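# sequence isn't available, so here's the structure alone:
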């Protein structure tokens, strides 16, 4: 393996391991209440789009199988945390929206998760390093990210992952 290929693979492995370590640490924390992390991820994703998202759009953002996301959404609907509604742009399709209860739960868990993320990241990195990491991660993902849930036109790349 050439020096460039070795460095690229070592950088990828370091980034991947850091993400796994952080996600395991966050999962072990007592911040989630009666939500699973992937349930919070759906609530967070929906919190960014007041007009809701289709199942395909939700699935692009939380990286689960279609069957897995369908079961998860059904559980969240049964719990009264999200609603399904007819998509005004395509009356055959449905969109998922947060209920007031779902929005409040997302905000409550999100505040605790944000504090946890802040603690973990600032313990390991300086402000300058955090800025560099953000810039580098955005540079890597600029052409491959899923939909932008922060804008009404849902067809742009976006930079979401699990933060509140």
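All right, it came through fine. Since the model is a prediction, treat every value here as computed from it, not as a measurement.
# name the next helix or strand downstream of the least confident helix or strand in the chain by mean pLDDT, please.
Least confident helix or strand, the chain: helix 55-62 with a mean of 83, by mean pLDDT, DSSP states H and E. Counting by DSSP states H and E, the next helix or strand C-terminal to helix 55-62 is helix 66-78.
# ok, back up a step: could you give the angle of the least confident helix or strand of the chain to helix 66-78?
Between the axes of helix 55-62 and helix 66-78, defined by axes from the mean of the first three to the mean of the last three CA atoms, to 10 degrees, the angle is 100 degrees.
# how far does helix 55-62 sit from the chain's center?
How far helix 55-62 lies from its chain's middle: 10 Å, per CA atoms, centre = their mean, to the nearest Å.
# which elements pack onto it?
For helix 55-62, the packing partners by 3 or more CB pairs under 8 Å, 6 or more residues apart in numbering; DSSP states H and E come out as helix 37-47, helix 66-78, strand 90-98. (Each C-beta comes from the backbone N, C-alpha and C, glycine too.)
# contacts for the last one, please.
Applying CB atoms under 8 Å, 6 or more residues apart in numbering, the set of residues contacting strand 90-98 from outside is 42-43, 46-47, 50-55, 58, 73, 81-87, 106.
# make a ChimeraX selection of the buried ones in these.
The following ChimeraX line selects those of the contacts of strand 90-98 that are buried, judged by 16 or more other CB atoms under 10 Å:
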select :42,43,46,47,52,53,54,55,58,73,81,82,83,106
